[in-house]
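Q: give me the fold of what follows.
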Amino acid sequence: MQINEEVDGSRVIFLETSSYSQELVNYRKLSMDVIWWSDEGLKIPNSAIQKEGKLNYVIRNRAGYMDKILVKVLRSNNSYSIVTKYKTDELKELGFTQNEIINMKSISLYDEILINVKDST
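A: Numbering: from 1, shown residues only. Below is the predicted model of the structure:
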């Protein structure tokens, strides 16, 4: 990787790849997100996250059914957050019962998350 400082104060980052080079040549311009965080989770726009006290939720639309899904925010910036689901022991510490934990729905990759929506569940 090489970083060049431009005259206007911006930076250009060069990344080198040893695989899929031919496929990348087919595109004139590529856009990518570079995330420096080491947390692993799902990237969710902040406008999709609703706060209730100390807990964070998103509204998921799956096959027309709206569900309020509890998410654990690992990291945030001005635009988006990296989220994951809570572990069972963490949910118990938050005061959820075993029955509530068993029936709790979780977020997964490719779920449709609604943005800027009031809680309608």
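
Q: now the helix or strand residue 58 falls within, how far from the centre of its chain.
A: Per DSSP states H and E: residue 58 is located in strand 55-62. Mean C-alpha position of strand 55-62 versus that of the full chain (Cα atoms, centre = their mean, to the nearest Å) differs by 12 Å.

Q: note down every partner strand of that strand and its orientation.
A: Using DSSP bridges, strand 55-62 pairs in its sheet with strand 50-52 (antiparallel), strand 65-76 (antiparallel), strand 112-113 (antiparallel).

Q: can I get those in TSV including mean pLDDT, mean neighbour count and distance to residue 82?
A: Where you see a C-beta, it was placed from the backbone N, CA and C, and this is true even at glycine. Shown next, in TSV, are these (pLDDT from 0 to 100; neighbours: other Cβ atoms under 10 Å; distance: least, Cβ to Cβ, whole Å):
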stretch	mean pLDDT	mean neighbour count	distance to residue 82
strand 50-52	94	12	16
strand 65-76	94	16	5
strand 112-113	92	14	14
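
Q: could I get these as CSV with distance to residue 17?
A: Formatted as CSV, those follow (distance: least, Cβ to Cβ, whole Å):
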stretch, distance to residue 17
strand 50-52, 39
strand 65-76, 26
strand 112-113, 31
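
Q: quick one: which of those strands is nearest residue 83?
A: strand 65-76 (4.1 Å; Cβ to Cβ).

Q: how far does the helix or strand bottoming out on mean pLDDT in the chain sit from the chain's center?
A: Each helix and strand of the chain was given a mean pLDDT (mean pLDDT, DSSP states H and E); the minimum falls on helix 21-25 at a mean of 74. In terms of Cα atoms, centre = their mean, the centre of helix 21-25 is found 28 Å from the chain centre.

Q: elements contacting it?
A: Where contact means 3 or more Cβ pairs under 8 Å, 6 or more residues apart in numbering; DSSP states H and E, helix 21-25 is not packed against any helix or strand.

Q: quick one: buried residues of stretch 40-56?
A: 41, 42, 44, 48, 49, 50, 56 (16 or more other Cβ atoms under 10 Å).

Q: skip the chain neighbours and tell me the closest residue to the second one.
A: Counting by Cβ to Cβ, 6 or more residues apart in numbering, residue 42 lies nearest to residue 83, which is 5.4 Å off, once chain neighbours are set aside.
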